[in-house]
Every structure is written in structure tokens, then in C-alpha cells.
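Engineer: only geometry, no sequence info:
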């Protein structure tokens, strides 16, 4: 069964981007939904996406239409941060 496409916004986001962005946000969500901490490198390895895309999808997950989740960031020192998702509900489709 094909995944229903999510709705994204932004000045550079068109209807042709919905399938790609839906895939990205679902890959990121499926990794971080367990509430564990992840560094950008770990998220890249686990999703296959680049950090710029992952960080944008983490921002999307904060929006009400994507569940309104909390995304926490922790400074690990030396310029390294790690991130975790605190769920407030399910990803809305």
C-alpha cells in the first residue's frame, strides 16, 4: 500500500516535493520516536539522509500537523549536539 503524502509548506516547496519530503519525515520519525538521544552523524547513518534535511524534518515534527512533538537538543561539548524527540502524539497523516 502506498504511503499517503503529507502536506509541507515553504516558499521553495512545491507539490512535486511531497513524496520525497514525506519519505524523509517518516524515516526521521521512525528513528527518533523511541525517545533516545542521537547525534547528527547517527541520524544520517540510520536514515540515509543528510543532516540539513534531517534538521528540517525535526523542525517539521514540532509543528501541530506533524504531531506537535518536542525536540530536545543537548550540547555534548566540542561543537557536538545530540537530539531526541519527546512524543506528544502520533505523526498525523
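Structural biologist: Now that the structure is in, tell me what you want to look at. Keep in mind that this is a model prediction, so the values were computed, not measured. Residues are numbered from 1 along each chain as shown.
Engineer: any low-confidence regions in this protein?
Structural biologist: Within the chain, the stretches with pLDDT under 70 are 1-3, 89-93.
Engineer: list of residues touching the longest helix seen in the chain?
Structural biologist: Selection of the longest helix in the chain by residue count, based on DSSP state H, yields helix 18-32. For helix 18-32, the surrounding residues in contact (C-beta atoms under 8 Å, 6 or more residues apart in numbering) are 3-8, 13, 38, 43, 46-49, 53-54, 57-58, 60-61, 66, 71, 83-85, 91. Heads up, the C-betas are built off the backbone N, CA and C, glycines and all.
Engineer: so of these, which ones are in helices?
Structural biologist: Per DSSP H, the subset of the contacts of helix 18-32 in helices is 43, 46-47, 53-54, 57-58, 60-61.
Engineer: just the buried ones from the contacts of helix 18-32?
Structural biologist: 6, 8, 38, 43, 47, 49, 53-54, 57-58, 60-61, 66, 71, 83-85, 91 (16 or more other C-beta atoms under 10 Å).
Engineer: please report phi then psi for the residue of the chain positioned farthest from its centre.
Structural biologist: Residue farthest from the centre of the chain, counting by C-alpha atoms, centre = their mean, is residue 78 at 23.9 Å. Here is the backbone geometry of residue 78 (degrees, to the nearest 10): phi 60, psi 20.
Engineer: please apply the same query to residue 5.
Structural biologist: Dihedral angles for residue 5 - degrees, to the nearest 10 - are phi -80, psi 140.
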